[in-house]
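Peer 1: quick check, what structure comes out for this input:
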Amino acid sequence: MSLIEVEQLKKSYEMGSERVHALRGVDLQVEKGEYVAIMGPSGSGKSTFLNLLGCLDTPTSGRYVLNDRDVSTMAEDDLAQVRNEEIGFVFQTFNLLARATALQNVELPLVYAGVGADERRSRAETALEKVDLSDRVTHRPNELSGGQRQRVAIARALVNNPSILLADEPTGNLDSVTGAELLGLLDSLHEKGHTLFVVTHERDVAKHAQSIVQLRDGQIETIERV
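Peer 2: Coordinates of the predicted model:
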């Protein structure tokens with residue numbers, strides 16, 4: 001059984017009097033531990049597909065099975081639980097709380113999950129250790145470099161031990177040297193068995209993945225094994 005099974009996934013939006021078809025029937029299977037890059041021009045459906053994979057939105061039609069659970073027809077409360085338990089998000093803009101320390105930022109998903117203070121701290125420290133930031137636990141975002149802030153964001157995404165890690169243009173706000181370091185970190189997470197999805201418009205970033213899914217006009221144009 002695949003970790004992710006997507007069958008004829010479609011998503012349409014009403015924009016004024018017009019109906020926009022963002023996804024037009026996507027089929028994809030991903031095994032546990034795979035590293036997948038999603039590419040495509042603007043308007044190809046990348047963001048819509050990522051939002052569906054991350055249970056931030058529901059499809060108009062089709063099926064999405066994540067870890068043996070059909071999430072495509074779930075109510076919002078159930079989707080929120082799946083997001084917290086199964087999915088780690090890494091955003092281009094980091095989305096860190098400015099007044100919170102690195103440790104407190106990483107603890108945040110565990111606060112929402114109702115985890116006790118001692119266990120929260122222990123798990124957050126372990127997650128920061130995974131991204132080589134054990135010496136920055138008390139630093140706030142303005143005391144960290146861009147690369148370090150992105151590492152904090154990755155630690156926060158990992159702290160719940162999610163089934164999949166979704167990264168949206170994770171190197172977009174980083175210089176080339178820091179971006180290369182971050183890709184090395186993602187490579188090491190993949191080697192440790194994490195399932196990764198990276199949305200990118202950069203071919204050099206996509207080449208780190210095992211397969212590249214190319215979207216165009218809301219459909220998969222090609223799937224390339226790297």
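Peer 1: which residues in this protein form helices?
Peer 2: 46-53, 76-86, 102-112, 117-130, 146-158, 176-191, 203-206 (DSSP state H).
Peer 1: residue 38: which of these is closest?
Peer 2: helix 46-53 (5.5 Å; Cβ to Cβ). C-beta: built from backbone N, CA, C; applies to glycine.
Peer 1: what residue lies at the spatial centre of this protein?
Peer 2: Centroid-nearest residue in the chain: residue 166, 1.2 Å away (criterion: Cα atoms, centre = their mean).
Peer 1: contact partners of stretch 30-47?
Peer 2: With Cβ atoms under 8 Å, 6 or more residues apart in numbering as the test, stretch 30-47 has contacts from 2-4, 11, 22-24, 26, 49-50, 163, 168, 186, 190, 193-201, 203, 205-219, 221.
Peer 1: what about it, average pLDDT?
Peer 2: Stretch 30-47 comes out with an average pLDDT of 95.
Peer 1: what's near enough to touch the residue nearest to the centre of the chain?
Peer 2: 50, 53, 54, 87, 88, 89, 90, 197, 199.
Peer 1: re earlier: mind listing which of the contacts of stretch 30-47 are in strands?
Peer 2: Applying DSSP state E to the contacts of stretch 30-47, the entries found in strands are 4, 11, 22-24, 26, 168, 195-199, 211-216, 219, 221.
Peer 1: for residue 115, state which of the contacts of residue 166 is nearest.
Peer 2: Nearest to residue 115 among the contacts of residue 166, counting by Cβ to Cβ, is residue 88 at 15.4 Å.
Peer 1: ok, now which ones touch that closest one?
Peer 2: 154, 156, 157, 158, 159, 160, 162, 164, 165, 166.
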